[in-house]
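1. My questions concern the predicted model and sequence given below.
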Amino acid sequence: MEAVPKYKFDRMVADALGDLPDELQHVLDNVVVQVVNRHADEPTLLGLYEGVPHTERTGQEGPDIVTIYRLALCDMCEDMDDLENEVFVTVIHEVAHAAGIDDDRLHELGWG
């Protein structure tokens, strides 16, 4: 599908953040979520979590960063419904990493 304008994509990310399960909401207190067109080294990467998972924090860390890659997500989707679903899954996947949930558990939960 064609790339969705950034303002529309930003709204999808905001909606996904608003729809996170209750058990992940507390993580957002120390997470910056940003939308970027593509990862410079891995152009097909959909999302990236950078930080220290909440299960390993000492209280001295700065905010974590979750990056959602707009063009990579648009490239992999066939239509807006598909894109909205993939944005939600990507947002929840990366925020779950901030909560200390690993990839194996995410796949079990359907957020892989």
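-> Nice, thanks for sending it over. Note that this is a predicted model, so its numbers are computed, not measured. Residues are numbered from 1 along each chain as shown.
2. Helix or strand: which one has the residue minimising distance to the centre of the chain?
-> Computing the C-alpha centroid of the chain and ranking residues by Cα atoms, centre = their mean puts Val91 first, at 2.6 Å. Applying DSSP states H and E as the criterion places Val91 in helix 80-98.
3. now the strands: where do they sit in this structure?
-> Using DSSP state E, the strands found in the chain span residues 31-36, 47-50, 64-69.
4. In terms of secondary structure, what does the second one contact?
-> Based on contacts counted as 3 or more Cβ pairs under 8 Å, 6 or more residues apart in numbering; DSSP states H and E, the elements that strand 47-50 packs against are strand 64-69, helix 80-98. Quick note: C-beta positions are derived from backbone N, CA and C, even for glycine.
5. Let's have those in a markdown table, adding distance to Leu28 and mean pLDDT.
-> A markdown table is the format used below for these (distance: least, Cβ to Cβ, whole Å; pLDDT from 0 to 100):
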| stretch | distance to Leu28 | mean pLDDT |
| --- | --- | --- |
| strand 64-69 | 9 | 96 |
| helix 80-98 | 7 | 95 |
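6. Make a markdown table from these and add distance to Asp15 to it.
-> Formatted as a markdown table, the helices and strands packed on strand 47-50 follow (distance: least, Cβ to Cβ, whole Å):
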| stretch | distance to Asp15 |
| --- | --- |
| strand 64-69 | 12 |
| helix 80-98 | 8 |
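7. and the gap between Glu78 and Ile68?
-> 19 Å (Cβ to Cβ, to the nearest Å).
8. More neighbours: which of those two?
-> Set side by side, Glu78 and Ile68 show more neighbours around Ile68, with 23 against 8, by other Cβ atoms under 10 Å.
9. From what I see, that one and Val13 are in contact.
-> Yes: Ile68 is within contact range of Val13, at 5.5 Å (criterion: Cβ atoms under 8 Å).
10. what's the overlap in contacts for these two?
-> By Cβ atoms under 8 Å, 6 or more residues apart in numbering, Ile68 and Val13 have these common neighbours: Val33, Val35, Val87, Val91.
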